[in-house]
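Participant: Need a 3D model of the following:
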Amino acid sequence: MKKLITFFLALSLFSCNDGNFDVPSFEFTDTVNNCGEYILYKKNSNSTEALILTLGTTQISSTIGEISYAISSSIEVNYRIFEDGISSTYFCQDIPPSTPKVLTELIAESGTITITTAEKLTDGLVTGYSYDIAISDLLFNDNGERIFFENLYFGVFEVNL
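Facilitator: Below is the predicted model:
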């Protein structure tokens with residue numbers, strides 16, 4: 001009888017499947033890269049992971065102050081894991097390259113992007129703008145597994161006139 005109970009106990013423990021879900025580390029370099037004014041991205045140190053922020057035409061402006069935007073169809077946050085490191089021109093191409101292969105892509109379901117715009121001054125003249133970007137309540141869904149970040153600092157993006 002003890003052997004039968006032990007067998008069923010072992011069977012029940014080994015039948016559980018925790019899946020192949022890996023929680024992303026979201027450890028990126030401090031540099032915010034861009035393709036044009038509306039695609040901003042950060043890479044990890046070996047360029048195999050990227051956090052991509054796609055903005056609409058009105059989010060990067062000369063309006064000074066803090067403005068918040070909900071993630072929507074025109075404002076997206078994506079997380080990608082690549083098979084190999086990506087080049088600095090990967091996101092700037094009209095046709096996405098076939099290599100390196102995208103192993104995982106997560107598209108944010110919800111969240112709020114807060115952009116604080118400030119003028120860059122040189123000798124009292126406006127020479128550009130600085131955009132300090134933070135994301136709050138960021139939610140990704142990976143096949144039923146929810147990945148949530150209450151506060152995620154994206155970084156600073158600067159534009160010179």
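
Participant: The spatially most central residue of the chain and I115: what is the separation?
Facilitator: Centre of the chain computed as the mean C-alpha position; nearest residue by Cα atoms, centre = their mean is L51, 2.9 Å away. Between L51 and I115 the distance, using Cβ to Cβ, to the nearest Å, works out to 16 Å. Quick note: C-beta positions are derived from backbone N, CA and C, even for glycine.

Participant: What is the burial count for G124?
Facilitator: A count of nearby residues for G124, using other Cβ atoms under 10 Å, gives 5.

Participant: I'd like the distance from stretch 63-75 to the chain centre, please.
Facilitator: Remark: stretch 63-75 is offset 15 Å from the chain centroid, using Cα atoms, centre = their mean, to the nearest Å.

Participant: mind listing what's buried in that stretch?
Facilitator: When neighbours are counted by 16 or more other Cβ atoms under 10 Å, the buried residues of stretch 63-75 are found to be 69, 71, 75.

Participant: Output the contacting helices and strands for the helix or strand where the first one lies.
Facilitator: Going back to what we said before, that points to Y69. Assigned by DSSP states H and E, Y69 belongs to strand 65-70. Strand 65-70 makes packing contacts with strand 102-122 when contacts are defined by 3 or more Cβ pairs under 8 Å, 6 or more residues apart in numbering; DSSP states H and E.

Participant: now for the strand it packs on, which elements pack on it?
Facilitator: With contacts defined as 3+ Cβ pairs under 8 Å, 6+ apart, the packing partners of strand 102-122 are strand 65-70, strand 76-82, strand 125-142, strand 145-160.

Participant: again, only using 7 Å
Facilitator: Under the contact criterion of 3 or more Cβ pairs under 7 Å, 6 or more residues apart in numbering; DSSP states H and E, the helices and strands touching strand 102-122 comprise strand 65-70, strand 76-82, strand 125-142.
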